[in-house]
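please find the sequence and the predicted model below.
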Amino acid sequence: MALQKVKKSVPMKVNKKPSVVQATHGKPSGECVVAIGRRKTATARIRMYRGKTQSMVNDKPLNEYFFSVDPSQTNALKPFVVTNTSGEFYVTAKVSGSGLKAQEDAIVHGIARALVKVSEAHKTALRKAGLLSRDPRMKESRKMGTGGKARRAKQSPKR
């Protein structure tokens, strides 16, 4: 009878990073709250600071980055309006993937998550406004043998 190797159970390492991170590398000084927001294939990495500086997206001012969106229609800072914290915080965001509208929604999701990290009291207002829920709608992936589309069936011969 052959000897079997017994695998030892190794305890999992739990990554307990604090939600408050010290900013470095020429970035704004002070403590920041880090959060991630997502929508479709867009991902926004949010750093939220206390202060009244202009919010930046990919090293551009917010209204300059979303140039094609009407400024009155921009809801990127909606979580601050919902929680009555306009002017208390500013945001730097790194966004990638998808289009401008999905990127904007990812920023909203990330800011809402960051505000909850700052104070749990904001959670109910943000939840009622629907800003904490990740929107799960994504483009359906294409299937093999369907002629290039997700649900299209190949045409069958008539004769």
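That came through fine.

what about the helices in the protein?
Ranges of helices in the chain, per DSSP state H, are 62-65, 78-82, 100-118, 123-129.

please name every helix or strand in contact with the longest one.
Using 3 or more CB pairs under 8 Å, 6 or more residues apart in numbering; DSSP states H and E as the contact definition, the elements that helix 100-118 packs against are strand 31-39, strand 42-50, helix 78-82, strand 89-96, helix 123-129. For the C-beta atoms, the positions are set from N, CA and C on the backbone; glycine is no exception.

next, format these as CSV and append mean pLDDT and distance to V57.
Shown next, in CSV, are those (pLDDT from 0 to 100; distance: least, CB to CB, whole Å):
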stretch, mean pLDDT, distance to V57
strand 31-39, 94, 12
strand 42-50, 95, 8
helix 78-82, 93, 15
strand 89-96, 95, 5
helix 123-129, 95, 20
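
returning to what we had before: need the winner for burial among the helices of the chain.
With neighbours taken as mean count of other CB atoms under 10 Å, the helices of the chain reach their highest mean count in helix 100-118, at a mean of 23.

how far off strand 31-39 does that helix point, in degrees?
Per axes from the mean of the first three to the mean of the last three CA atoms, to 10 degrees, the angle that helix 100-118 makes with strand 31-39 is 140 degrees.

what about helix 100-118, average pLDDT?
Averaging pLDDT along helix 100-118 yields 95.

also stretch 134-153?
Mean predicted confidence for stretch 134-153 is 87.

quick one: contacts of it?
For stretch 134-153, contacts defined as CB atoms under 8 Å, 6 or more residues apart in numbering pick out G37, R38, R39, K40, T41, D105, H109, K154, Q155.

the first one and L115 touch, don't they?
No. Here G37 lies out of contact with L115, judged by CB atoms under 8 Å, at a distance of 11.4 Å.
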